[in-house]
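Trainee: Sequence and predicted structure are below.
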Amino acid sequence: QQKVQQSPESLSVPEGGMASLNCTSSDRNFQYFWWYRQHSGEGPKALMSIFSDGDKKEGRFTAHLNKASLHVSLHIRDSQPSDSALYFCAASEHGYAQGLTFGLGTRVSVFP
Amino acid sequence: EAAVTQSPRNKVTVTGGNVTLSCRQTNSHNYMYWYRQDTGHGLRLIHYSYGAGNLQIGDVPDGYKATRTTQEDFFLLLELASPSQTSLYFCASSDAGGSDTGQLYFGEGSKLTVL
């Protein structure tokens, strides 16, 4: 069973709209979460981390973590064509990179 | 920003062939990793290292060897390549401490096809 589950598998969003991505861990030890973004033909790049309950905002991106339910979401406000990419959620026990487990990803397409 | 360079970017080999994928990072990071990316499986960790001469087994190590010769260089070796190893391989690095602990810096990827 996948320890980090993401939904939806894919998402189409109009330019200027809001994209909402979800991630849940089935392992109660996973308390530290990351969001990574991968554009076609490139390696993944870290978007943001979230380690505490509540919201964390970086520009147009807001992550929300609920540790009780091990659920983290990512919201992209005012979506741009450059946001079209594969988004990975990753989780670990201790916040260190060597323990990261990745989900299967959500593919976001932003259309004009 | 951290720089991780992989070579070759594309490689085609035959079943039973020998393949070496190379990775160099120029940011003095302690940790280096090899992942494979496959549709339906996401990113899976093959091997990682926390310094020259060190090797740690990841989640999908079977059929792969790795060697860390210097702090900068990490190699992935496939000595008897099989079609199941056709994949997109990523090298990554991370620091052991500091404000970005936990952040992976990925290379551009190496696409391997085993015929």
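Mentor: Perfect, thanks for sending it. Residues are numbered from 1 along each chain as shown, chains lettered A, B, ... in the order given.
Trainee: interface residues of chain A facing chain B?
Mentor: Taking C-beta under 8 Å from any C-beta of the partner chain as the test, the list of chain A residues beside chain B reads A:2, A:32, A:34, A:36, A:41-46, A:49, A:88, A:92, A:95-98, A:100, A:102-105. For the C-beta atoms, the positions are set from N, CA and C on the backbone; glycine is no exception.
Trainee: ok, now with 7 Å
Mentor: Residues of chain A lying close to chain B by C-beta under 7 Å from any C-beta of the partner chain are A:32, A:34, A:42-46, A:49, A:88, A:92, A:95-98, A:100, A:102-105.
Trainee: Need the residue closest to the centroid of chain B.
Mentor: B:Trp34 (2.4 Å; C-alpha atoms, centre = their mean).
Trainee: Can you say which helix or strand has residue 74 in it?
Mentor: If you meant another chain, say so; for now it's chain A. strand A:71-76 (DSSP states H and E).
Trainee: Not quite, go with chain B.
Mentor: strand B:73-78.
Trainee: ditto for B:Ala81
Mentor: Per DSSP H and E, there is no helix or strand for B:Ala81.
Trainee: Check the spacing between it and A:Asn66 real quick.
Mentor: 44 Å (C-beta to C-beta, to the nearest Å).
Trainee: neighbours around B:Gln71, how many?
Mentor: 16 (other C-beta atoms under 10 Å in any protein chain shown).
Trainee: Likewise for the one 4 residues further on?
Mentor: Number of residues near B:Phe75 (other C-beta under 10 Å) recorded here: 17.
Trainee: Not counting residues beside it along the chain, what's closest to it?
Mentor: B:Thr67 (5.0 Å; C-beta to C-beta, 6 or more residues apart in numbering or on different chains).
Trainee: Perfect, I'm done here.
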